[in-house]
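*Asks:* build me a model from this:
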Amino acid sequence: MKEVRVKSVKVARKRLVLFVLFAVCGTTFYLLLARLGFLVPVSQLPAVLCLPACKSEQPVHPLMAGEQLLNHTQPLSQLVKGNIAEQKTSILIEKSKHRLTLFYNLQPIKSYPVVFGSNPTGDKLHEGDRKTPEGIFHIQDLYPHSDWSKFMWLDYPTSRSWQKHFQAKLTGKTNWLLPIGGQIGIHGVPSGDNTLIDQRSNWTWGCISLKNRDVDEIYQVVKRETLVEIVP
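*Replies:* Down below sits the predicted model:
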């Protein structure tokens, strides 16, 4: 009887060890695939799993008529009295109009010309499609950049980005082996290449690009968590 119990304990231990090994290996594999953009990060799973009944994003900014650049030749210091409160600023980017507009208290105060990924029409669905994503994002970090003056890093992919990514795969628009991509931001141009903006040359891999003097000005009045809305 004692030998049977000892044997049962040994079997139970082996099963526990195997279970732990499978759990560790599975978790490691999941985290690796999530890091490479093939699977949703654990923190975003609850929001993404609402498929197919996910609520659509609601517009934040009022759209502006025409394609003019609002107050583009005036410095921000002349447009807003006193110090600009960073928590009151937000950004609207209209891809079809090549226009980025800085808002203050949800009121447009100044516009800038911008360009996008080299395949600009349509929403970004996967890595390498050279498209600029559409939707509501936030700046997750911002820092000086050696090649493009400044970089304002957006929180793409959001849970909504993942939803669209998987919907594209389920409907056959995107290959299942393609990751979602990342590293999308707002930045300047290589030194001396302002003509890329003047000529509306969409040269990036999906980022939003401005003239360096323009990105430098915006950089001073935004912060982490600043809302950025990108529309077609």
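*Asks:* going forward, measure contacts and count neighbours with C-alpha atoms only.
*Replies:* OK.
*Asks:* ranges for the helices of this structure?
*Replies:* Taking DSSP state H as the test, the helices found in the chain are 2-35, 45-48, 76-79, 159-170, 195-198, 212-219.
*Asks:* and the closest residue to residue 94 other than its chain neighbours, how far is that from residue 59?
*Replies:* In space, and not counting its chain neighbours, residue 94 is closest to residue 231: 5.2 Å by C-alpha to C-alpha, 6 or more residues apart in numbering. Residue 231 is 9 Å from residue 59, where distance means C-alpha to C-alpha, to the nearest Å.
*Asks:* quick one, which of those two is more surrounded?
*Replies:* Shown here are residue 231 and residue 59; by other C-alpha atoms under 10 Å, residue 231 has more neighbours (19 against 12).
*Asks:* okay, residue 80: pLDDT?
*Replies:* Note for residue 80: predicted pLDDT of 85.
*Asks:* neighbours around it, how many?
*Replies:* Residue 80 has 12 neighbours, counted by other C-alpha under 10 Å.
*Asks:* can you check residue 190 too?
*Replies:* Using other C-alpha under 10 Å: residue 190 sits among 14 other residues.
*Asks:* now do the contacts for it.
*Replies:* With contact set as C-alpha atoms under 8 Å, 6 or more residues apart in numbering, residue 190 has these partners: 147-149.
*Asks:* again, only using 6 Å
*Replies:* Residues in contact with residue 190 (C-alpha atoms under 6 Å, 6 or more residues apart in numbering) are 147-148.
*Asks:* nothing else from me, thank you.
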